[in-house]
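>>> Here is the input, now give the coordinates:
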Amino acid sequence: MSDIEQILEEWHGAGVKWIRFELPDMHGISRSKTIPVEHAESYAAKGLNMYGGASVLDTRSDVVPGTLYNEEKSYADQLLTPDPATAAVVPWAEHTARFICDATWYDGTPLEATPRRVFRRALDKCRAMGFEPVMGSEFEFYLLTADTHEQLFSGYHIFNTVRNDWVGTIHRIMEEMPQIGVSIITSNCEYAGSQWEINYAPGAGLDGPDKGFTFKNGVKEIAKQDGLLATFMSKPFGDSAGSGCHTHISLRRTDSGASVFGDDAGELGISEACRHFIGGLIRYAKAIDALIAPTVNCHRRRRRHTFSPTNISWGLEDRSALVRVKGGSVESRHVEYRAPTALSNPYLVGAALLQAGLKGIEDKIDPGPSSRPGIPAEDDPDFEKLPSSLPEALDALESEPATKEFFSEEFVSAYTTMRRYELSRFADSVTDWERQEYQELF
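Numbers count the residues shown, from 1 in each chain. Model prediction:
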């Protein structure tokens, strides 16, 4: 508490009036309460009460039965405890600062299904093996008109300088994100009209997914203030490019800080540990896919020749592979997992990649052959296909015994129940396509 007290005292002196206690939910969305600064210390000490089922609400914020944190707990409160390492003044919110929080029940028991807890589980295992993970995410997103949700411009002009800076919102994101600890490294318009990609420096440990959480929610706030809608939806338009989140991950030794993955003497310049890490990603690709592409809309992006992988493959600098080995210096060598969609939760993606990869190192899993020179991985029929639907991916998550070890039985049960509830609502919906196809004709 001494750290929290000092932080709050400094904020109060700097004119901060409001403190957000933020909880990342199952979708990576910020659920929060705002506290006047004079009351924040008390809540930080005893925990801030919040409805315990907030983490397992579905995408419509429905209270889903069977997700373990609702009727099973008599709809009890959880307590949010701020992590002082996440303390930051929010540059786009006047007189406001924030903490990202962890959640427990009143008896101190953690909510195992909360995404930050799921990532902590992976992080603890990683550190026990002598490694520190470094993770970075490349989120693509659309900026749309707030009222009609239309694109600001059309056409395919990736990297077009005029369109890079089409609206001032882009410069606001680039200027304000570093003030909250998200260091921007590149920005450009993406393949589709009104689509952008703004990348930031990776983070070690929890800082990796914390940055992703901060970036996504911050972009949406900034865009709203500018009269726009920022959407990380995977495929908002059927005739336009999908939005992905290529996720980069590497390991460093906790004792020396040296790279675990780079080895110029190894095949493709990678170490045996890196090869086995990739082996784990390949072995468990189907089992973790429901966290990588977590909604029915995500699978509309999974098409060949779109730089969205369709099979379980790996290769050196192969943009069509599921796992892309990135070159460069020994110290910078790492792997890029190209399947996550932009609406994926960075805590769950990070946990999935870490757990699968570390299992590969533990069991010395060989990844099999990499993609062949001159033949992109997606065009090679020898590679097994990724799941083609969310129900298939959820079945794989549940049926793989290792996922209970990776994420806890509590998480797997809560997550699959919540996602299947969403699927039941989707099955009951009537689409625009159906109306256009059948309404007049029949």
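>>> quick one, domains of this protein?
2-111, 120-407 (automatic domain parsing).
>>> Which pLDDT value belongs to Tyr156?
pLDDT recorded at Tyr156 is 81.
>>> Just give the nearest non-adjacent residue to it, would you?
Residue nearest to Tyr156 in three dimensions, not counting chain neighbours: Tyr191, with 5.9 Å by Cβ to Cβ, 6 or more residues apart in numbering. All C-beta spots, glycine's among them, are computed from the backbone N, C-alpha and C.
>>> got a list of what that neighbour touches?
Each residue near Tyr191 by Cβ atoms under 8 Å, 6 or more residues apart in numbering is listed here: Tyr156, Ile158, Ala241.
>>> now swap in Asn188 and tell me
Counting by Cβ under 8 Å, 6+ apart, Asn188 has contacts Ile158, Phe159, Asn164, Trp196, Glu197.
>>> Quickly compare the domains of the chain and say which is most buried.
Ranked by mean neighbour count, the domains of the chain are led by domain 120-407 with a mean of 19 (mean count of other Cβ atoms under 10 Å).
>>> how far out from the middle of the chain is that one?
Centroid separation between domain 120-407 and its chain, computed with Cα atoms, centre = their mean, to the nearest Å, is 8 Å.
>>> Ends of that domain, what's the gap?
By Cα to Cα, to the nearest Å, the extent of domain 120-407 from end to end equals 10 Å.
>>> And the helices in the chain, which stretches?
2-13, 37-46, 115-128, 161-164, 168-176, 207-225, 272-283, 285-292, 346-363, 390-399, 402-407, 409-428, 432-434 (DSSP state H).
>>> any chance of the ones you listed in JSON lines, plus mean pLDDT?
Shown next, in JSON lines, are those (pLDDT from 0 to 100):
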{"stretch": "helix 2-13", "mean pLDDT": "94"}
{"stretch": "helix 37-46", "mean pLDDT": "96"}
{"stretch": "helix 115-128", "mean pLDDT": "98"}
{"stretch": "helix 161-164", "mean pLDDT": "92"}
{"stretch": "helix 168-176", "mean pLDDT": "97"}
{"stretch": "helix 207-225", "mean pLDDT": "98"}
{"stretch": "helix 272-283", "mean pLDDT": "98"}
{"stretch": "helix 285-292", "mean pLDDT": "98"}
{"stretch": "helix 346-363", "mean pLDDT": "98"}
{"stretch": "helix 390-399", "mean pLDDT": "98"}
{"stretch": "helix 402-407", "mean pLDDT": "98"}
{"stretch": "helix 409-428", "mean pLDDT": "97"}
{"stretch": "helix 432-434", "mean pLDDT": "92"}
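>>> Looking at those helices, spot the one closest to Gly108.
Gly108 lies closest, by Cβ to Cβ, to one member of those: helix 37-46, at 11.9 Å.
>>> Look up how far Tyr415 lies from the residue minimising distance to the centre of the chain.
Here the mean C-alpha position of the chain is nearest to the C-alpha of Pro346 (Cα atoms, centre = their mean), at a distance of 2.0 Å. Distance of Pro346 to Tyr415, computed by Cβ to Cβ, to the nearest Å: 16 Å.
>>> Name the residues that touch stretch 152-172?
Against stretch 152-172 from outside (Cβ under 8 Å, 6+ apart): 92, 143-145, 187-194, 196, 198, 222-223, 226, 228, 230, 241.
>>> Take the residues you listed and keep only those in strands.
Judged by DSSP state E, strands contain the following of those: Leu143, Leu144, Thr145, Ser187, Asn188, Cys189, Trp196, Ile198, Leu228, Ala230.
>>> Could you point out which of the contacts of Tyr191 is nearest to Ser259?
Each of these was checked against Ser259 using Cβ to Cβ; the closest is Ile158, at 31.3 Å.
>>> Kindly reformat the domains of the chain as JSON lines and extend each row with distance to Leu441.
Below are the domains of the chain laid out as JSON lines (distance: least, Cβ to Cβ, whole Å):
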{"stretch": "domain 2-111", "distance to Leu441": "31"}
{"stretch": "domain 120-407", "distance to Leu441": "21"}
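>>> right, and those - which one's nearest Tyr421?
Taking these one by one with Cβ to Cβ, domain 2-111 is closest: 4.5 Å.
>>> Now do that closest one: distance to the chain's middle.
For domain 2-111, the distance to the chain centre is 19 Å (Cα atoms, centre = their mean).
>>> Likewise for stretch 101-116?
In terms of Cα atoms, centre = their mean, the centre of stretch 101-116 is set 19 Å apart from its chain centre.
>>> got a pLDDT number for the nearest residue to Glu150 once chain neighbours are set aside?
What sits nearest to Glu150 in space, not counting adjacent residues and going by Cβ to Cβ, 6+ apart, is Leu144, at 6.1 Å. On pLDDT, Leu144 comes in at 98.
>>> Span of stretch 377-396 from start to end?
For stretch 377-396, by Cα to Cα, the gap between its terminal residues amounts to 23 Å.
>>> For that stretch, give me every contacting residue.
For stretch 377-396, the external contacting residues (Cβ under 8 Å, 6+ apart) are 285-287, 289-290, 293-296, 298-299, 302, 304-305, 309-315, 318, 320-322, 339, 369, 371-372, 416, 419-420, 423.
>>> Only C-alpha atoms, please: export stretch 206-217 in PDB.
Provided in PDB are the C-alpha atoms of stretch 206-217 (Å, rounded to 0.1, in the frame of the first residue of the first chain):
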ATOM      1  CA  LEU A 206       2.500  -8.300 -17.700                       C
ATOM      2  CA  ASP A 207       3.500  -5.000 -19.400                       C
ATOM      3  CA  GLY A 208       3.000  -6.700 -22.800                       C
ATOM      4  CA  PRO A 209      -0.700  -7.400 -22.600                       C
ATOM      5  CA  ASP A 210      -1.300  -4.400 -20.300                       C
ATOM      6  CA  LYS A 211       0.000  -2.200 -23.200                       C
ATOM      7  CA  GLY A 212      -2.400  -3.900 -25.600                       C
ATOM      8  CA  PHE A 213      -5.300  -3.400 -23.200                       C
ATOM      9  CA  THR A 214      -4.400   0.300 -22.800                       C
ATOM     10  CA  PHE A 215      -3.900   0.900 -26.500                       C
ATOM     11  CA  LYS A 216      -7.200  -0.600 -27.700                       C
ATOM     12  CA  ASN A 217      -9.400   1.000 -25.100                       C
END
